[in-house]
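After the sequence you'll find the predicted model.
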Amino acid sequence: FLPHLIASMDEVEETYIMVKPDGVQRGLVGEIISRFEKKGFKLTGLKLFQCPKELAEEHYKDLQAKPFFPKLIQYITSGPVVCMAWEGVGVVASARKLIGATNPLQAEPGTIRGDLAVQTGRNVIHGSDSPENGKREIGLWFKEGEVCSWAPVQEPWLRE
Ligand code: IDP
Ligand code: MG
């Protein structure tokens, strides 16, 4: 019995979710937002945004040394993205499950990438990989005042 694990299961987290330019071009924005809404997470930030090269490079700085890095930056800046902040207990790991594996051909059916994409280089969506990166990325993509704190009326019907 590990009390600290139980405590962390109750921790409210934030994650940065982004519909990439291919998702916007293919008209998948509503479908993708719906999946997170229906699951029961709380939307706290949302905007359509043309990402400058410098921001794309900062966001993906851990992948700088990868051979696909230049193409990745080109992809992410090739058209508007939809930036989102979502909040909830366990939202970081749960969003990664809803999103599915990086390679859409390996992503399970039922996941966003498993249902809606066929190639790693066009995998329609980003989701933070840890609570720390969730905070970091929301800070990177949203300005002061763009993320809202609010209380959904459905809350008591989602969590006892
Ligand atoms: P993730 O988005 O599932 O967290 P990461 O490994 O963090 O996957 O890679 C970030 C993004 O970089 C991927 O979503 C994808 O767009 C791109 N990417 C990763 N690996 C490759 C690759 O081998 N070829 C082309 N693009 C890639
Ligand atoms: Mg990643």
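Nice, thanks for sending it over. Everything numeric in this text was worked out from a predicted model, so none of it was measured. Ligands and ions are numbered 1, 2, ... in the order given.

Nearest residue to the closest residue to ligand 1 within the chain in space, ignoring adjacent ones along the chain?
Closest approach between the chain and ligand 1, counting by C-beta to the nearest ligand atom: Thr102, at 3.4 Å. (Glycine included, C-beta is placed from N, CA and C.) Excluding its sequence neighbours, the residue lying closest to Thr102 (C-beta to C-beta, 6 or more residues apart in numbering) is Thr120, at 5.8 Å.

check contacts around the most centrally placed residue in the chain.
Central residue of the chain (C-alpha atoms, centre = their mean): Ile17, 1.8 Å from the mean position. Counting by C-beta atoms under 8 Å, 6 or more residues apart in numbering, Ile17 touches Phe36, Met84, Ala85, Trp86, Ala95, Ile125, His126, Gly127, Ser128.

Count the residues that sit near the nearest residue to it once chain neighbours are set aside.
Once flanking residues are discounted, Ile17 sits nearest to Met84: 4.4 Å by C-beta to C-beta, 6+ apart. The number of residues packed near Met84 is 27, by other C-beta atoms under 10 Å.
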